[in-house]
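K.L.:
Next input, structure requested:
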Amino acid sequence: MRWLGQASTGVDPARVLGNAAFYIFVPALLFRTTARLDLHGMPWTTVGAFFVPVVGVLLGVYAFQRFTRPAAPMADREAGERDAARPAVRAITATFGNSVQIGIPLAAALFGEAGLGLHIALVSLHALVLLSVLTVLVELDLARFRAQHELGASLWRTLRTTAYNTVVHPVVLPVLAGMVWNLTGQGLPGPVDETLALLGTAVAPVCLVLIGISLAYYGVGEQIVAALGMALLKLVALPAVVLCVAHWGFGLRGLPLSVAVIMAALPAGSNALIFSQRYDSQQVLTTTTIVLSTFGFVLTVPLWLAVLAHLG
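P.N.:
Below is the predicted model of the structure:
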């Protein structure tokens, strides 16, 4: 309905909502999650069995995109920066699942309280791990691009800028601050905790509105084939890799294996769109992948449940 404005009138609500989520709501959620994390009670075997293959696939997608994409246009710096961010954006789109809006009710329905507890443990580290890794990668790529297109850029200046942009970042900084607070052993004061919780709850609704706005503004047609490929990576390839590594590599069976595989089989999550909005890259592809993978998930999750039932 264009109630929030549109880019042609000088107001881009997709960018505004994306920035609000990335700079306000997501940092509050990440800091609170990290500060309250029970490191001693984590099911570390299940955590490792999930995140080792997921990060491996993330790095594989990133490397493929990084070394096969065409060179960035020399005359257009903004287009060049968008192109430099493309590998990281595609990597998060192919690996970051909708672990809250879809994952939590699904885990509760399929696996009961015990399975939900394992799922929540994975969710607590999901954004922390994947967004932190991808932030480092994308900032390195942007620093490399800027160094190549700036006269007199020195190696020391490039490294210093990259380190600063990586740490002083709305994803990494709240994670580091939350971990420092966690290590002090002090709980969050009640008013602070309640305020952070309130801000954190805004992530889901803002992201859902952002997906709708992106669909209305960007459309899906021109990226449908690429998005289908990304959706297949998310719904088929990623859970297959997690199943193999978790079962035959880490020896997981039963409930922990099922939780890890179904977590990997979830459709692409809205945090991928926030990430693409932050770096103004691949918004059409990311939005289309989220929609297609969400519909496709209805077809693929029964297949994964059947495979898990066969393994016992």
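K.L.:
Mind giving me the packing neighbours of the strand or helix carrying residue 64?
P.N.:
Taking DSSP states H and E as the definition, residue 64 sits inside helix 44-68. Secondary-structure packing of helix 44-68 (3 or more C-beta pairs under 8 Å, 6 or more residues apart in numbering; DSSP states H and E): helix 77-95, helix 103-148, helix 238-244, helix 254-264. Using the backbone N, CA and C atoms, a C-beta is placed for each residue, glycine as well.
K.L.:
how about the first one: buried residues?
P.N.:
Of the residues in helix 77-95, those buried by neighbour count under the rule 16 or more other C-beta atoms under 10 Å are 80-95.
K.L.:
hang on, the earlier thing: next, the angle from the helix holding residue 64 to helix 77-95.
P.N.:
Compare the direction of helix 44-68 with that of helix 77-95 by axes from the mean of the first three to the mean of the last three C-alpha atoms, to 10 degrees and you get 140 degrees.
K.L.:
How far off centre is helix 44-68?
P.N.:
Between the centre of helix 44-68 and the centre of its chain there are 12 Å (C-alpha atoms, centre = their mean, to the nearest Å).
K.L.:
mean confidence for it?
P.N.:
The average of the pLDDT scores along helix 44-68 is 95.
K.L.:
Over to stretch 6-24?
P.N.:
On average, stretch 6-24 scores 81.
K.L.:
Point out where this protein drops to low pLDDT.
P.N.:
7, 69-76, 150-159, 162, 218-222 (pLDDT under 70).
K.L.:
Export the helices and strands packed on helix 44-68 as a markdown table, with columns for distance to residue 4.
P.N.:
A markdown table is the format used below for these (distance: least, C-beta to C-beta, whole Å):
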| stretch | distance to residue 4 |
| --- | --- |
| helix 77-95 | 23 |
| helix 103-148 | 26 |
| helix 238-244 | 34 |
| helix 254-264 | 33 |
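K.L.:
Hmm, residue 104 and residue 120 touching each other?
P.N.:
Yes - in this structure residue 120 lies within contact range of residue 104 using C-beta atoms under 8 Å: 7.4 Å.
K.L.:
coming back round to it: kindly state which of the helices and strands packed on helix 44-68 is positioned closest to residue 28.
P.N.:
helix 103-148 (12.2 Å; C-beta to C-beta).
K.L.:
That closest one: how far from the chain's middle?
P.N.:
5 Å.
K.L.:
That one packs against which elements?
P.N.:
Right, helix 103-148 is packed against helix 26-35, helix 44-68, helix 77-95, helix 155-167, helix 172-184, helix 254-264, helix 271-278 by 3+ C-beta pairs under 8 Å, 6+ apart.
K.L.:
Residue 65 - nearest residue in space that isn't next to it in sequence?
P.N.:
Excluding its sequence neighbours, the residue lying closest to residue 65 (C-beta to C-beta, 6 or more residues apart in numbering) is residue 87, at 3.7 Å.
K.L.:
Pretty sure that neighbour sits against residue 60.
P.N.:
No - the criterion here is C-beta under 8 Å, and residue 87 misses it with residue 60 at 11.0 Å.
K.L.:
Show the contacting residues for the residue nearest to residue 65.
P.N.:
By C-beta atoms under 8 Å, 6 or more residues apart in numbering, residue 87 lies in contact with 61, 62, 63, 65, 66, 69, 137, 138, 141.
K.L.:
likewise residue 238?
P.N.:
53, 54, 57, 94, 95, 264, 265.
K.L.:
any idea which of the residues you listed has the most stuff around it?
P.N.:
residue 95 (29 neighbours; other C-beta atoms under 10 Å).
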